[in-house]
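Chemist: what would the 3D arrangement of this be:
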Amino acid sequence: MILCRAAARLVRHVPRGLCQVTLSLLRAIPEVSWVLVFILAVGLGFAGTLVLGVHTGGVLGSLRRYASGSIAAPAARPPRHRAPVRGTGGPRRTAC
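Modeler: Below you'll find the model as predicted:
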């Protein structure tokens, strides 16, 4: 049972961590460095488009991560919100 919980936690947190590291890396490297990498990889014509796409993808991904991180999970809500919902006949699951 303990191994199942550990495996479930690992499956849930490893992809999230990899995505966060990847998005941080895409955003942290300056555009000039990306231009040099892509010029060497694909040539002069298409490098600028790739750089804009990669850097913008990193910025939008980090904004999404910050936005979803600021939303409080149901378990993180303070207990004072539970009593009014239960008092009006609301189900326990929505009050959590």
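Chemist: how about the helix or strand harbouring Leu25, which residues are buried there?
Modeler: Element membership for Leu25 (DSSP states H and E) is helix 2-28. Residues Leu23, Leu26, Arg27 are the ones in helix 2-28 that count as buried (16 or more other CB atoms under 10 Å). Where C-beta positions appear, they are placed from N, C-alpha and C, glycine not excepted.
Chemist: counting by contacts, list what it packs against.
Modeler: helix 47-69 (3 or more CB pairs under 8 Å, 6 or more residues apart in numbering; DSSP states H and E).
Chemist: what's around the residue nearest to Ser24 when sequence neighbours are not counted, how many residues?
Modeler: Nearest residue to Ser24, sequence neighbours excluded (CB to CB, 6 or more residues apart in numbering): Ser62, at 6.8 Å. Using other CB atoms under 10 Å, Ser62 has 16 neighbouring residues.
Chemist: report the separation between Ser62 and Leu36.
Modeler: Distance from Ser62 to Leu36, counting by CB to CB, to the nearest Å: 22 Å.
Chemist: again, but for Ala67
Modeler: 32 Å.
Chemist: ditto for Gly45
Modeler: Counting by CB to CB, the separation of Gly45 from Leu36 is 15 Å.
Chemist: Leu26 now?
Modeler: Applying CB to CB to Leu26 and Leu36 gives a distance of 15 Å.
Chemist: low pLDDT regions in this protein?
Modeler: 1-3, 69-87, 89-96 (pLDDT under 70).
Chemist: let's see that with 50 instead.
Modeler: 95-96 (pLDDT under 50).
Chemist: among Gly45 and Leu36, which residue is more densely surrounded?
Modeler: Per other CB under 10 Å, whichever of Gly45 and Leu36 has more neighbours is Leu36, with 13 against 8.
Chemist: give me the three-state assignment for that one.
Modeler: helix (DSSP: H, G, I helix; E, B strand; the rest coil).
Chemist: how about the contacts made by Cys19?
Modeler: Contacts for Cys19 were tallied using CB atoms under 8 Å, 6 or more residues apart in numbering; they are Gly61.
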